[in-house]
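A.B. asks: Pasting the sequence and the predicted model now:
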Amino acid sequence: MQLASDLNLVDSFNKENSVAHLLVRESNVFCAKYHLQEPGLVEHFIQSASKAIESDFSINEIKDFSISFLPKIGETLKTKVKIQTNPKGGTVVAAVTEIDGVVAAKCKLKVNLSNTNN
């Protein structure tokens, strides 16, 4: 049985400086071979973006995704999220994940914000 906590990839989020934290746990569904795997990093970026945006959105594109190394079980991810509005329309969420000050992964998410004022 999969627990919801095994799918949670943001332990805390500081709205003031747009930083998400995650302690990598062995129980996480995205962990294998003592590391958080690539899909887990993508899901962490998406959940971090969700905390920053605080609105419904859909993902149009994941771009510039790069991994320097996979986080190990027991390590804490610190992910800085920056929301950028494109003058031509659309929103880009840039995320950079560090572990002990070293960049582990980064990506940009092109998103469509949902109009919730219906």
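C.D. replies: It's in. Fair warning: this is a prediction, and the values are worked out from it, not measured in the lab. Residues are numbered from 1 along each chain as shown.
A.B. asks: Now do the helix ranked longest in the chain: distance to the chain's middle.
C.D. replies: Counting residues, the longest helix found in the chain (DSSP state H) is helix 38-53. Relative to the mean C-alpha coordinate of its chain, helix 38-53 is positioned 2 Å out (CA atoms, centre = their mean, to the nearest Å).
A.B. asks: Same check on stretch 56-69?
C.D. replies: 9 Å.
A.B. asks: ok, residues contacting it?
C.D. replies: 38, 41-42, 45-46, 49-50, 90-91, 102-114, 116 (CB atoms under 8 Å, 6 or more residues apart in numbering). Any C-beta I mention is one placed from the backbone N, CA and C, and that applies to glycine too.
A.B. asks: Now the buried members of those residues.
C.D. replies: 41-42, 45-46, 49-50, 91, 104-109, 111 (16 or more other CB atoms under 10 Å).
A.B. asks: JSON lines for these, including distance to Asn60?
C.D. replies: Output for those, formatted as JSON lines (distance: CB to CB, whole Å):
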{"residue": "Leu41", "distance to Asn60": "19"}
{"residue": "Val42", "distance to Asn60": "14"}
{"residue": "Phe45", "distance to Asn60": "14"}
{"residue": "Ile46", "distance to Asn60": "13"}
{"residue": "Ala49", "distance to Asn60": "12"}
{"residue": "Ser50", "distance to Asn60": "15"}
{"residue": "Thr91", "distance to Asn60": "9"}
{"residue": "Ala104", "distance to Asn60": "25"}
{"residue": "Ala105", "distance to Asn60": "20"}
{"residue": "Lys106", "distance to Asn60": "18"}
{"residue": "Cys107", "distance to Asn60": "13"}
{"residue": "Lys108", "distance to Asn60": "11"}
{"residue": "Leu109", "distance to Asn60": "8"}
{"residue": "Val111", "distance to Asn60": "6"}
